[in-house]
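**Q** A structural model of the following input is requested.
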Amino acid sequence: MATDRDLTIQVSHLPPGTSQGNKIEHRLFRMIGRSWRGRPLTTFETFVQCIAQTTTTTGLTVHADGDAAPYPAGQVVSDEDFKAVHLEPDAFHGQWNYTIRPAS
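**A** Numbers count the residues shown, from 1 in each chain. This is a model prediction of the structure:
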């Protein structure tokens, strides 16, 4: 994808255990839970709508959209395909943060 569209993609992951200190995440997830309280989540659309209507008293809003595309499980990326991806670890925690560059 990076090569097809000539994009440089920067990826940053939080290390395990760090989300406990994310105050925005905790405030937001609590409000999402409140928005669907008492509603049976019987369909994917209901689930997405409950998340999308979430707001906090301080004005934080959620934007949600469903993706109905199939994502088959069990797909394996070959070593050859993986080597073709131009990954550059970042200087800060390169095991979690990296840049994907298009092929030259």
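
**Q** So which bits of the helix or strand containing L28 are buried?
**A** According to DSSP states H and E, L28 maps onto helix 23-35. Applying a neighbour-count criterion of 16 or more other C-beta atoms under 10 Å, one finds 28, 31-32 buried in helix 23-35. Yep, even glycine has a C-beta here, placed from its N, CA and C like the rest.

**Q** what angle sits between the next helix or strand after it and helix 23-35?
**A** Later in the chain than helix 23-35, the nearest helix or strand by DSSP H and E is helix 44-52. Using axes from the mean of the first three to the mean of the last three C-alpha atoms, to 10 degrees, the inter-axis angle of helix 44-52 relative to helix 23-35 is 130 degrees.

**Q** picking that back up, okay, the buried residues of helix 23-35 in CSV with distance to S12 and pLDDT next?
**A** Converted to CSV, the buried residues of helix 23-35 look like this (distance: C-beta to C-beta, whole Å; pLDDT from 0 to 100):
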residue, distance to S12, pLDDT
L28, 19, 78
M31, 24, 82
I32, 23, 82
